[in-house]
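In: the sequence and its predicted three-dimensional model are supplied below.
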Amino acid sequence: MTLNELIDQPELEDKLLNTEQTIGFLTAMAAAPYLLEPTEWLPFLWGGDDTAPFETAEQFEQYAELIIAQWNLIHPALLDGSWTWPEGYNLDEEEVVTESVRDFAEGLLQGWQLTRDDWETLMPEGSEDDALLGGVLLSVSMLYDPETAITTLSDQGLTGLDEFQEIYNAIPVMLCGLTQRGNVLAQQAKH
């Protein structure tokens, strides 16, 4: 069973982040400068409740295994610069971003909240690294809320869709670069 199939089971409807939000959240966890134990962040995938919404221990174990397997794909790809948008996460001429991209961005921003203190400690306000972090977060936020972003861009005389294409295309490079820089800074902080 795939992660998507498990999340889409009727008994779990509206009890877990959807697949795209989950992948975004996992990407934030995989990008984190200091690795967090899954026990610290797994409950956020079902709203932070102490009690998991699964009907059986086997169902929970299968979910956890699928989550860890995804993390194990995302983390090394971010570190080696090979991470790309998951298949089907595209832009759309009418809606600007698809629901998949918007949900991914939402999940990533939710995950970032858990690691925010680590990022802000390693990349303090006013530093060059802070500009990198801010640029990534701004870009992801624009993909999460394209209507506000388009209004802001048009107020600055920019057309919108071309800028979104550039932002969308830059996200993989930005996330990989941020992950790599965070990893270097975290290693330096340990010594």
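Out: Sure, I can see it.
In: could you pull out the strands for this structure?
Out: For the chain, applying DSSP state E gives strands covering 91-92, 96-97.
In: and the longest helix for the chain?
Out: For the chain, the helix with the greatest residue count under DSSP state H is helix 161-190.
In: which parts of that helix are buried?
Out: For helix 161-190, a neighbour-count test (16 or more other C-beta atoms under 10 Å) marks 163-164, 167-168, 171-172, 174-179, 181-183, 185-186 as buried. No exception for glycine: its C-beta is placed from N, CA and C like everyone else's.
In: so which of the strands of the chain is the most packed in?
Out: strand 96-97 (a mean of 22; mean count of other C-beta atoms under 10 Å).
In: who are the packing partners of that one?
Out: helix 146-155, helix 161-190 (3 or more C-beta pairs under 8 Å, 6 or more residues apart in numbering; DSSP states H and E).
In: for the nearest residue to residue 4 once chain neighbours are set aside, which residues are in contact?
Out: What sits nearest to residue 4 in space, not counting adjacent residues and going by C-beta to C-beta, 6 or more residues apart in numbering, is residue 19, at 4.5 Å. By C-beta atoms under 8 Å, 6 or more residues apart in numbering, the residues touching residue 19 are 3, 4, 7, 8.
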